[in-house]
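# Mind looking at a prediction? Sequence and model below.
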Amino acid sequence: MSVLPRLILMHKHRTSGRVRFLCFSAGVIAFSPLPALAALRDEDYSPTLRFHPTAVVREAEIHLGLPEGAIEPVAEFSAWVDTPAGDVPVLLAAFADIDPPFAAAERTRSRFIAITESRLLSEVERNLLRRAYEHVLG
């Protein structure tokens, strides 16, 4: 069985440090939501399977209508979600420009949210955002 990685897209402002996540109509997981029975694996869960983020990041750029290099993988972040179809890796990537790509968000009917605006997301997504937030802030 082939497990396709999912992606969390974020923007961290270079001077202010403000972190925002791209939120789609179905949540913050690009580009297909996690199933209802998904459960976040422990942080120390380390499967032997690894994914290189380049293809997933390029797919995100194409989906959002952004040029190559507009999104960069965030090194050393990965999380795993247990689903009925198998374990799904979740990677993290950041928009490279100084400002978030608001036009791309608007085109895809998505918006940028702060972690404090995540209370309407599923528990799994909130916990994924918490891990991502802690990772990028160190």
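Good, I have the coordinates.
# neighbouring strands for the lengthiest strand in the chain, and are they parallel or not?
In the chain, assigned by DSSP state E, the strand with the most residues is strand 86-95. Using DSSP bridges, the strands paired with strand 86-95 are strand 6-12 (parallel), strand 71-73 (antiparallel), strand 79-83 (antiparallel).
# which of those strands has the lowest average pLDDT?
Lowest mean pLDDT within these: strand 79-83, a mean of 93.
# Using the three-state scheme, assign residue 129.
Secondary structure, DSSP: H, G, I helix; E, B strand; the rest coil: residue 129 is helix.
# Tell me where the protein has helices.
Using DSSP state H, the helices of the chain run over residues 54-64, 102-107, 123-137.
# buried ones in the shortest one?
When burial is assessed from 16 or more other Cβ atoms under 10 Å, helix 102-107 yields the following buried residues: 104, 105. Bear in mind the C-beta positions are built from the backbone N, C-alpha and C, glycine included.
# counting contacts, what elements does it pack onto?
When contacts are defined as 3 or more Cβ pairs under 8 Å, 6 or more residues apart in numbering; DSSP states H and E, helix 102-107 sits against helix 54-64, strand 111-113.
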